[in-house]
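Colleague: Sequence plus predicted model, see below.
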Amino acid sequence: MESFTGGRASLPPPLADPAAVGQQMHRLVAQLYPLCRSITGNGVRRTLDVIAESIPLTVHEVPTGTQVLDWTVPREWNIRDAYVADSGGRRVIDFTKSNLHVVGYSVPVRSTMSLAALREHLHTLPDQPALIPYRTSYYEETWGFCLSQNTLDSLPDGEYEVVIDSTLADGSLTYAEHVIPGEVSDEVLVSCHVCHPALANDNLAAIAVAVEVAKRLAEAEPYYTYRFLFAPGTIGSIAFLAQADERIEKIKHGLVLACAGDSGSLTYKRSRRGDAEIDQAAALVLRSSGRPHKLIDFSPYGYDERQYCSPGFNLGVGCLTRTPYAAYPEYHTSADNLDFVLPGAMWDTLETVSEIFGILERNRCYVNVSPYGEPQLGNRGLYESLGGRSDTKQAQLAMLWVLNLADGEHSLVQIAARADLPFDAISAAADALRDAGLLKE
Ligand code: ZN
C-alpha cells in the first residue's frame, strides 16, 4: 500500500537559499526604481522590458480614446526633464534626482515666475518635512512639482525658471501578461500595478515577488493555468477586463499583490465573496504560520481588487500585502525607497504566495463512499501505514476528519481549517483514503 506519498506536487521547494533569492528580488526593485512610470508612457514600457528579461511577456497597447468598460484610455504621457531653477541657474527642484518631483501627468510648462506664483503648483508634506510626496493628476490638466517642506522653506523669494518637458498626446496604454499553462484551463490571476514612479514597496516589491512566483510555477507543471498581469492601476486592470471578455469566466482564483516588501506583518484582504477558495487558502496559511498577521474583509478601497471584485465580475480575487494600502507613514512618499523594502520580507511574501497556491493546487472536494459508521482502517492497511511515523497521532486524526467531512460539501482546505490541522496532513490523509477506495472526487 503506497500511502502518504502525497498528491500532486506543491510548488517546488526553493532551489536557491532565501538570502540569495531575496537579494535577487531586491536587485530587480533597484533596477526598476529609477524609471518614471505613470499610467501610460515609456516608463511602463521600459518596466515591462526589464520584467521580460526574467519572464516572457505578451505586451498589449490599447490606443488613446479606446472605450474600456465605463472608462476611456487617456492620452499618453511622457516626460524627459523637469526642474525649477533659481536666478543663478541652479536647479532647486530637479526631476533627474527623483521622478517624484513632478506631479504625474503634468502638462508641459516653460516659464519664469515669482515664488508666490509658483507656490500654487508646489506640493509638500508639512507633517513629514523631509519627505517628497507622490502626486498625480491623470484626469485634470494641470502641472505641479513635489518637494520636501524643508526645501521649500529654504527657497528665497525671487524669480524662478520653471520647466516641464513633457508631452501629453495620443498614444496608448500599455499592459502585459505572462501565462503559465496548467493541466486545466481554469485560471489563477496574479495582478500587480506598474504605474507608480520611484516607490519601492508600492509596488516594485510585489512585481519582484510575482516574477519569482512565475519562475517557480514554470518548473512545477501546475494544475491551474496561471495568468500574471502587469498593468497600470485602475485603468490598466479595467482595460484587461474589458478585453478579456469570455476569458474572465476562466479566472477561478486570484491575488492582487502589492506592498510586498516592508517590514510589517502580512495582511490578506478577502475577496468581495468573503469565502472564496483563495480566501480560505490564504486564511489557513496565515493562521497556521503562527506569526502575527491580519485577515480583513473586502472594502471597495485599495488596489485593483476593486475592479476584479466589482459586482458584475465578483471574482474570487483577494489582495495580499504586508502593511496595507495607505497604512504606513512612508506610503506615497520618497521614504518608500530602496531601504524601505527588505529582501527577507519579500522572501516571506514569496513563500506565503507559494503556500497559498500550493493549497489551491491540491484542494479537492471528496465524498466518503463508506459513510455509514467509520470504515475499518486496519483492514485496508491504513493503520500500518501510520506506524512508526513521528506524527502518527496527527495523521490518524487527519484521516478521521477527512472521512467525517468528506460529504461533497467540504473541500480539503475547509476540513483542514475545521480540524485545525496542517493542510499537508489533510491532503496526505485524503490521498491515502482515496487510494484505499474510501473516497471519490
Ligand atoms: Zn499607490
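Modeller: Received the coordinates, thanks. This one's a predicted model, so the numbers in the text were calculated from it and none came from an experiment. Numbering: from 1, shown residues only.
Colleague: could you say what helices and strands the helix or strand harbouring Ala206 packs with?
Modeller: Taking DSSP states H and E as the criterion, the element that holds Ala206 is helix 205-218. If you count contacts as 3 or more C-beta pairs under 8 Å, 6 or more residues apart in numbering; DSSP states H and E, helix 205-218 packs onto helix 18-32, helix 42-52, strand 172-180, strand 187-193, strand 225-231, strand 251-257, helix 343-362. For glycine as for every other residue, the C-beta is placed from the backbone atoms N, C-alpha and C.
Colleague: After the fifth one, which helix or strand is next?
Modeller: The one in question is strand 225-231. On the C-terminal side of strand 225-231, the nearest following helix or strand under DSSP H and E is helix 235-244.
Colleague: which outside residues touch that following helix?
Modeller: Contacts with helix 235-244, where a contact means C-beta atoms under 8 Å, 6 or more residues apart in numbering, come from 39, 60, 62, 66-69, 71, 73-74, 138, 173, 175, 177, 191, 193-195, 229, 231, 248, 304, 307-308, 313.
Colleague: May I see the buried residues of that helix?
Modeller: For helix 235-244, burial by neighbour count (16 or more other C-beta atoms under 10 Å) applies to Ile235, Gly236, Ser237, Ile238, Ala239, Phe240, Leu241, Ala242, Ala244.
Colleague: for stretch 135-142, same thing?
Modeller: Of all the residues in stretch 135-142, those buried under the rule 16+ other C-beta under 10 Å are Arg135, Thr136, Tyr138.
Colleague: tell me which of these is nearest to Val369?
Modeller: Distance to Val369, by C-beta to C-beta, is smallest for Tyr138 among these, at 57.8 Å.
Colleague: if I look at that closest one, how far off is Gly104?
Modeller: Counting by C-beta to C-beta, to the nearest Å, the separation of Tyr138 from Gly104 is 7 Å.
Colleague: what touches both of those two?
Modeller: Jointly contacting Tyr138 and Gly104 under the rule C-beta under 8 Å, 6+ apart are Ser38, Ile39.
Colleague: on that earlier part again, deepest-packed of the helices and strands packed on helix 205-218, please.
Modeller: Relative to the other members of these, strand 187-193 carries the highest mean neighbour count by mean count of other C-beta atoms under 10 Å, namely a mean of 26.
Colleague: can you list the residues that contact it?
Modeller: Among residues not part of strand 187-193, those counted as contacts by C-beta under 8 Å, 6+ apart are 203, 206-207, 210, 213-214, 224-233, 236-237, 247, 250-258, 303-304, 308, 315, 317, 353, 357, 360.
Colleague: any idea where the helices of the protein begin and end?
Modeller: Along the chain, the segments classed as helices by DSSP state H run 18-32, 42-52, 115-119, 149-154, 205-218, 235-244, 277-288, 305-308, 343-362, 392-405, 412-419, 423-435.
Colleague: Just send these back as CSV, with distance to Ser370 and mean pLDDT too.
Modeller: Conversion of those to CSV gives the following (distance: least, C-beta to C-beta, whole Å; pLDDT from 0 to 100):
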stretch, distance to Ser370, mean pLDDT
helix 18-32, 44, 96
helix 42-52, 51, 98
helix 115-119, 79, 98
helix 149-154, 72, 98
helix 205-218, 36, 97
helix 235-244, 44, 96
helix 277-288, 26, 97
helix 305-308, 41, 98
helix 343-362, 23, 97
helix 392-405, 8, 93
helix 412-419, 17, 97
helix 423-435, 10, 95
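Colleague: Figure out which of these is closest to Val162.
Modeller: Val162 sits nearest to helix 115-119 of all the helices of the chain, at 6.4 Å, using C-beta to C-beta.
Colleague: C-alpha coordinates for the closest one, CSV please?
Modeller: Provided in CSV are the C-alpha atoms of helix 115-119 (Å, rounded to 0.1, in the frame of the first residue of the first chain):
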residue,chain,number,x,y,z
LEU,A,115,8.0,82.1,-5.8
ALA,A,116,4.5,83.3,-4.8
ALA,A,117,3.0,82.3,-8.1
LEU,A,118,5.0,79.1,-8.2
ARG,A,119,3.7,78.1,-4.8
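Colleague: so what's the residue nearest to Ser111 when sequence neighbours are not counted up against?
Modeller: Sequence neighbours aside, Val162 is the residue nearest to Ser111 in space, at 5.0 Å (criterion: C-beta to C-beta, 6 or more residues apart in numbering). Applying C-beta under 8 Å, 6+ apart, one finds that Val162 lies in contact with Val84, Val109, Arg110, Ser111, Thr112, Met113, Leu118, His121.
Colleague: Give me the buried subset of those residues.
Modeller: For the contacts of Val162, a neighbour count by 16+ other C-beta under 10 Å gives the buried set as Val84, Val109, Met113, Leu118, His121.
Colleague: what about the chain, any weak spots by pLDDT?
Modeller: For the chain, residues meeting the criterion pLDDT under 70 lie at 1-16, 384-390.
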